[in-house]
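Colleague: Take a look and give me a structure for this.
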Amino acid sequence: MKYLLIIILFVNIAACGVQKTSYKTNTQQYLNEYVSSHEVIKGDDKKRMQFFQVNKSYCLIANFEPIKSADWFNVPTSSGKTKAYRKYGKLSFKISNKGLTLYVYQAQALIQKPEYWDHLFLPFGDVTNGIETYQTGRYIDLKITDIKDDKIELDFNKAYNPYCAYLDGIYNCPIPPKENRLAVAIKAGEKKFLKTQ
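Modeller: Below is the predicted model of the structure:
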């Protein structure tokens, strides 16, 4: 029975979020909810939001390495202002057998709010930026409580655009640091917002 439990746990981890329904169905429901509840894009403009087809190969389990006592540093934003962040951990993973790393951050402004104590911010860039995806990069939200046994689910199908992708000059969107720019194409998650003719 013990060995069966271990196998079940392994399958659940490797399945990257699959429960009673399929991964594709669950993820599509997540994206539908993301669109319907979007705080910036309203009404018919939602039809201009685009996504890559859900691809389970972009949902993976990354190794998590904590970073102790990291200093706060200023991250440039789209408006020219800065926001304070610190590194919380390093994620190591593979895509197409290529070893990659990304850092997850804590926002100084958010950790002071009880409802965001466990929020982790993952801004990243990849070679699709400016072509298929927003030019400066995309974001993924994670939580400290998502980390289990130094591993965390990293799902690029849930990568989303900063608000600046829709409206210029209004928001202060953090620009992904150079250390979080991947030299591969991440063809998953939100694509460019379609401009009106």
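
Colleague: going forward, measure contacts and count neighbours with C-alpha atoms only.
Modeller: OK.

Colleague: Just list whatever residues bridge to the residue nearest the centre of the chain.
Modeller: With distances taken as CA atoms, centre = their mean, Ile140 lies nearest the centre of the chain, 1.5 Å away. Taking DSSP bridges as the rule, Ile140 bridges to Leu122.

Colleague: Can you name the residues that contact it?
Modeller: By CA atoms under 8 Å, 6 or more residues apart in numbering, the residues touching Ile140 are 121-123, 156, 158-160.

Colleague: quick one: the strands in the protein?
Modeller: Remark: strands assigned in the chain by DSSP state E are 59-66, 73-76, 82-95, 98-107, 119-124, 138-143, 151-155.

Colleague: would TSV of the ones you listed with mean pLDDT and distance to Lys192 be doable?
Modeller: Formatted as TSV, these follow (pLDDT from 0 to 100; distance: least, CA to CA, whole Å):
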stretch	mean pLDDT	distance to Lys192
strand 59-66	97	20
strand 73-76	97	21
strand 82-95	97	22
strand 98-107	97	22
strand 119-124	98	15
strand 138-143	98	10
strand 151-155	98	18
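
Colleague: Present those strands as TSV; the columns should include distance to Glu132.
Modeller: What follows is these, written out as TSV (distance: least, CA to CA, whole Å):
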stretch	distance to Glu132
strand 59-66	19
strand 73-76	23
strand 82-95	19
strand 98-107	21
strand 119-124	15
strand 138-143	12
strand 151-155	18
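
Colleague: Compare these and give me the one nearest Gln50.
Modeller: Closest approach to Gln50 among the strands of the chain is made by strand 138-143 (13.3 Å; CA to CA).

Colleague: quick one, the closest one and strand 151-155 angle?
Modeller: Here strand 138-143 runs at an angle of 140 degrees relative to strand 151-155 (axes from the mean of the first three to the mean of the last three CA atoms, to 10 degrees).

Colleague: Lys178 is nearest to which of the strands of the chain?
Modeller: The closest of the strands of the chain to Lys178 is strand 119-124. By CA to CA, the value is 8.7 Å.

Colleague: Packing partners of that closest one?
Modeller: The helices and strands touching strand 119-124, judged by 3 or more CA pairs under 8 Å, 6 or more residues apart in numbering; DSSP states H and E, are strand 98-107, strand 138-143.

Colleague: Give me the angle between it and strand 98-107.
Modeller: 130 degrees.

Colleague: And the residue nearest to the centre of the chain, how close does it get to Ala109?
Modeller: As judged by CA to CA, to the nearest Å, Ile140 and Ala109 stand 18 Å apart.

Colleague: Please enumerate residues in contact with stretch 115-129?
Modeller: With contact meaning CA under 8 Å, 6+ apart, stretch 115-129 is reached by 88, 102-107, 110-111, 135-145, 174-177, 180-187.
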